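**Student:** predicted structure and sequence below. I'll ask about it afterward.
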Amino acid sequence: MNILYICREDLPTYRADVKVLIEDKLSMQCNLTLVAALKDGENQNSVKGNADYQVVNPSRKIRKLLGNKLAKVTAKLCRSIKLIFSNEYDFVIVRDNAFLAFFFIVLGKFKKYRSSFWLSILLGDLIKEDAIKRKKKSNYIYSCFYLFIESLAIKSANLLIAQSDEMKRMFESELKVSANVIAVPMGISELEINNFNLKKQTKPLSIGYLGAIESGRDIPFIIETLALLKNDSEFCNVTLKIIGGSEDQMALKNLQVLVSDKKLNDHVFFTGQLDRQDAWQELAECEVCVSYIPRNKVFDVSSPTKLVEYLALGNKVVANDIPDQKLLLERVGATGLCLSNQEAFVEAIKYQFRNTLSSESVNEIIKATLNERGYEALSSGLINKLAEINKS
């Protein structure tokens, strides 16, 4: 199969779902041409992998004229059109950009390839929520137009690749799409896990959180939960390690102010952004790891990576009840699911602190997690679906 994949992320990317699932796994099972923009400050020699990379890097003149983001999208559009008219592809897959997706869906009617729209997030709804929050009328108008194009692309593509089973369900039952739909949730690299030299030195009454700390992630929920937990004398020495960073320095400062106001300076620690291996080693020191995802239209159909990583590393977990987390915990046989309020989180964390798992149970959960969410399994499912559609 010949596949043209138009990437949202600039390369080289830190995202494992792109680097491992697309660049490594998928490219080994088909002829993959990957169109992407070069990350600012990088050179093309830093982009390495099995795919046929078509990396675009707009000139300063074009960037100045169009702006950095639009210049990169335009460059990817032009390069992809050139490739389509000079090669034959079975599939053209566009990730997350509804404008590009709809354009290549229409072009596919004439060039006779199958079109696929990969949605890792409901971007239109995210833009709309942000516009309402910031009270930006122009952004709100843009979000409505984007949502219109996004809905056209969703209903017109030959294949939709959804971020989660819940997003797949929404496409099929609520939007009544007639296209093929497959869920490809967030996963983890089996090779990275197997090669990771885990030094398990768990500190008692320690909680870990892995992820970005932007305001939309509602990290104050976790900090305030810690304050409630600390009020119980049995857990007065509890600590929280927040592993992750943010490009928005105000987000970190606001969290530090909250920690100070709650008198938690000796209980909350920020590591900043770490590479994956160092982040995992920090998690290895935590007795319980938490995955709180705010409940809204966008996040309810998301697929959090952090919970997959916690389980694959053998951590005890507490996770709120968004559909993907509920489904994953059920499938791998792990405890820790709770409602999305602080009181429920406090009780679930207490339970996990008091709960002792045998090494046999931990190993079973790790094995089940890798079988369910390892990128080997996820890539096989995706390539099988593409092959099935290609034969029809």
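**Tutor:** That came in fine, so what should we check first? Numbers count the residues shown, from 1 in each chain.

**Student:** and S189, what pLDDT?
**Tutor:** Note on S189: pLDDT of 91.

**Student:** correction: T33
**Tutor:** 95.

**Student:** excluding its backbone neighbours, what's nearest I193?
**Tutor:** Of all residues not flanking I193 in the chain, A312 sits nearest, at 5.3 Å (C-beta to C-beta, 6 or more residues apart in numbering). Heads up, the C-betas are built off the backbone N, CA and C, glycines and all.

**Student:** quick check: R217 touching P294?
**Tutor:** Yes: look at R217 against P294 with C-beta atoms under 8 Å: they come within range, at 7.2 Å.

**Student:** ok so, going back, and the residue nearest to I193, how far from M186?
**Tutor:** Going from A312 to M186 by C-beta to C-beta, to the nearest Å gives 12 Å.

**Student:** mutual contacts of those two, please.
**Tutor:** The contact sets of A312 and M186 overlap at R373 (C-beta atoms under 8 Å, 6 or more residues apart in numbering).

**Student:** secondary structure element for Q54?
**Tutor:** Assigned by DSSP states H and E, Q54 belongs to strand 52-56.

**Student:** could you spell out the sheet neighbours of that strand, each with its direction?
**Tutor:** Strand 52-56 has the following sheet partners, assigned by DSSP bridges: strand 31-37 (parallel).

**Student:** residues contacting the partner strand, please?
**Tutor:** The contact list for strand 31-37 (C-beta under 8 Å, 6+ apart) reads 1-7, 9-11, 22-23, 26-27, 47, 50-58, 72, 75-76, 79-80, 83, 87, 89.

**Student:** buried residues in it?
**Tutor:** For strand 31-37, a neighbour-count test (16 or more other C-beta atoms under 10 Å) marks L32, T33, L34, V35, A36, A37 as buried.

**Student:** how about that strand as CSV, C-alpha atoms only?
**Tutor:** Provided in CSV are the C-alpha atoms of strand 31-37 (Å, rounded to 0.1, in the frame of the first residue of the first chain):
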residue,chain,number,x,y,z
ASN,A,31,5.2,2.6,1.6
LEU,A,32,4.7,5.7,3.7
THR,A,33,5.4,9.2,2.4
LEU,A,34,5.3,11.7,5.3
VAL,A,35,4.8,15.4,4.7
ALA,A,36,5.6,17.7,7.7
ALA,A,37,7.1,21.0,8.5
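
**Student:** got a list of what the closest residue to L175 other than its chain neighbours touches?
**Tutor:** Nearest non-adjacent residue to L175, counting by C-beta to C-beta, 6+ apart: I154, 6.4 Å away. I154 is in contact with F117, L119, L160, F171, L175, V177, A179, counting by C-beta under 8 Å, 6+ apart.

**Student:** where along the protein do the strands fall?
**Tutor:** Here the chain has its strands, by DSSP state E, at 2-6, 31-37, 52-56, 91-95, 114-119, 159-162, 180-183, 203-210, 239-243, 268-272, 286-291, 316-320, 337-338.

**Student:** which one of those lies closest to A377?
**Tutor:** Across the strands of the chain, A377 has its closest neighbour in strand 180-183 (12.5 Å, C-beta to C-beta).

**Student:** and the closest one, which residues are buried?
**Tutor:** N180, V181, I182, A183.

**Student:** look up the pLDDT of the first one for me, please.
**Tutor:** So that's N180. 91.

**Student:** run through the bridge partners of it.
**Tutor:** Following DSSP bridges, N180 is listed with bridge partners L159.

**Student:** which of the contacts of strand 31-37 are buried?
**Tutor:** Neighbour counting by 16+ other C-beta under 10 Å classes 2-7, 9-11, 22-23, 26-27, 47, 51, 53-58, 72, 75-76, 79-80, 83, 89 among the contacts of strand 31-37 as buried.

**Student:** let me have the strands of the chain in a markdown table, extended by distance to E330.
**Tutor:** Shown next, in a markdown table, are the strands of the chain (distance: least, C-beta to C-beta, whole Å):
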| stretch | distance to E330 |
| --- | --- |
| strand 2-6 | 32 |
| strand 31-37 | 33 |
| strand 52-56 | 39 |
| strand 91-95 | 28 |
| strand 114-119 | 24 |
| strand 159-162 | 19 |
| strand 180-183 | 15 |
| strand 203-210 | 22 |
| strand 239-243 | 26 |
| strand 268-272 | 31 |
| strand 286-291 | 15 |
| strand 316-320 | 11 |
| strand 337-338 | 8 |
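
**Student:** how about E23: what's its closest non-neighbour residue?
**Tutor:** G49 (4.1 Å).
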